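Trainee: any chance you can model this:
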Amino acid sequence: MKTAIIIGFGGMGLRHFKALKKLKIRVIAICDKNVNKLEKISFLKNVTKVKNYKKLLKFNADIVCISSNTMSRFNIIKNFITKSNIQKLLIEKPLAVSFKECLEIKNLIKKNNKRLYVNTYRTISKNFENVKKLFNKNKEKITHIFINSPSAGLGNMGSIFFDLGNFFIDEKVISVTSWIDKTGTLNPRGKIFKDPGGYGIVKYKKNKKLFFDLSENTSLPYEIILKSQNFECKIDELNNNFLFRQRPKSMMAKPNYFYLYKPKYFKLKLNHKYDVVLMTTFSIKKLFLKRFKSNLPSAISSMETIFACYASDKLKKTIKFPLQKQFHSKRVNFA
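Mentor: Numbering: from 1, shown residues only. Okay, the predicted model is just below:
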């Protein structure tokens with residue numbers, strides 16, 4: 001039986017535990033600051049529990065899942081890459097608290113020849129893959145993405161949404177214009193989370209754009225809208241609703257400003273329902289594939305966009321890519 005170690009046993013650590021159990025991977029050790037809390041959990045009876053993660057660096061396991069708070073995450077990742085025999089690392093989002101740390105993780109992974117996957121899982125979900133396939137099948141290029149999400153931190157949900165932007169648009173980011181939410185509204189995940197939302201525009205090559213509003217201005221479930229010239233997909237993932245609108249073939253030859261017609265509507269047949277534990281298993285399984293491809297490049301690109309959002313807000317101007325070195329060391333306490 002494959003074995004695992006978990007670092008950090010809050011909500012995300014518990015999610016990792018459930019996903020590992022679903023895959024019949026046995027958790028042999030857990031690190032958490034609150035060891036007393038772990039001792040009271042009956043299903044962790046036969047699991048080694050420690051307060052200091054360094055005690056687990058010499059453990060033999062097939063995978064380590066890191067879901068500690070973001071300010072401590074980089075050193076933990078670094079030590080498991082350089083000082084542990086464990087070859088596979090699942091990292092909870094966001095990857096790091098500075099762009100400098102992201103680039104160092106990239107170099108360490110390459111130097112030590114290990115596998116790392118960031119748990120943003122939607123780009124390997126069949127539901128999202130099939131959306132992209134439908135656009136491609138109809139020879140439609142996604143040019144605009146609109147994302148609206150309530151009380152969503154740029155670090156937490158931005159990691160997911162900007163990763164999806166990279167996936168669907170498939171072009172390099174050229175600039176970011178953004179404003180950080182300063183309402184001071186309590187993060188719904190708890191007082192310890194210092195991850196405000198924001199809104200703005202991400203511009204890609206070939207004049208493609210992602211518009212995002214991850215702020216306090218809406219209380220509805222998050223929504224993602226993908227647009228091409230003749231196609232649109234509105235995604236209400238939490239309610240398992242992927243709705244397409246299509247321009248009728250009879251209107252295809254007419255100019256874009258001919259919009260007084262009834263579109264064709266249809267729903268995507270889903271491969272699975274919204275289930276964060278199930279989708280976390282996608283990330284874990286990815287690490288064990290014979291032909292492994294890490295999502296680290298896209299994760300780093302997403303983090304570059306997030307740090308550019310903060311720079312844009314502070315300087316009150318558009319930030320061009322690649323992100324200038326003066327912004328690389330700026331640390332953001334996401335949680």
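Trainee: now the helices for this protein?
Mentor: 11-22, 35-39, 70-82, 99-112, 126-137, 156-169, 276-287, 296-315 (DSSP state H).
Trainee: save the ones you listed as a markdown table, and put in distance to Tyr261 and mean neighbour count too.
Mentor: Heads up, the C-betas are built off the backbone N, CA and C, glycines and all. Below are the helices of the chain laid out as a markdown table (distance: least, CB to CB, whole Å; neighbours: other CB atoms under 10 Å):
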| stretch | distance to Tyr261 | mean neighbour count |
| --- | --- | --- |
| helix 11-22 | 45 | 20 |
| helix 35-39 | 59 | 13 |
| helix 70-82 | 48 | 19 |
| helix 99-112 | 46 | 17 |
| helix 126-137 | 20 | 16 |
| helix 156-169 | 25 | 24 |
| helix 276-287 | 37 | 18 |
| helix 296-315 | 36 | 21 |
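Trainee: who wins for proximity to Asp236 among those?
Mentor: Evaluated over the helices of the chain, closeness to Asp236 peaks at helix 126-137, with 11.8 Å, by CB to CB.
Trainee: low pLDDT regions in the stretch 151-300 of the chain?
Mentor: Low-confidence segments of the stretch 151-300 of the chain (pLDDT under 70): 151, 184-193.
Trainee: again, only using 80
Mentor: Within the stretch 151-300 of the chain, the segments meeting pLDDT under 80 span 151-152, 183-194, 216-219, 250, 252-260.
Trainee: all strands for it, in order.
Mentor: Assigned by DSSP state E, counting those that start in this stretch, the stretch 151-300 of the chain shows strands spanning 173-180, 198-204, 209-214, 223-227, 231-236, 241-246, 264-267.
Trainee: okay, those in JSON lines with mean neighbour count and distance to Ile160 next?
Mentor: As requested, the strands of the stretch 151-300 of the chain are arranged in JSON lines below (neighbours: other CB atoms under 10 Å; distance: least, CB to CB, whole Å):
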{"stretch": "strand 173-180", "mean neighbour count": "19", "distance to Ile160": "16"}
{"stretch": "strand 198-204", "mean neighbour count": "20", "distance to Ile160": "14"}
{"stretch": "strand 209-214", "mean neighbour count": "22", "distance to Ile160": "10"}
{"stretch": "strand 223-227", "mean neighbour count": "20", "distance to Ile160": "10"}
{"stretch": "strand 231-236", "mean neighbour count": "19", "distance to Ile160": "12"}
{"stretch": "strand 241-246", "mean neighbour count": "17", "distance to Ile160": "16"}
{"stretch": "strand 264-267", "mean neighbour count": "10", "distance to Ile160": "22"}
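Trainee: ok so, going back, and the helices of the chain: which comes nearest Ile63?
Mentor: Nearest to Ile63 among those is helix 276-287; the distance by CB to CB comes to 6.3 Å.
Trainee: rewinding a little: Cys309: which of the strands of the stretch 151-300 of the chain is closest?
Mentor: Minimum separation from Cys309 across the strands of the stretch 151-300 of the chain (CB to CB) falls at strand 173-180, 3.7 Å.
Trainee: what does that closest one rub up against?
Mentor: Strand 173-180 has contacts (CB atoms under 8 Å, 6 or more residues apart in numbering) with 154, 166, 196-205, 301, 304-305, 308-310, 312-313, 317-321.
Trainee: now with 7 Å?
Mentor: Residues outside strand 173-180 that contact it (CB atoms under 7 Å, 6 or more residues apart in numbering): 196, 198-205, 301, 305, 308-310, 312-313, 318-321.
Trainee: I appreciate the help and will end here.
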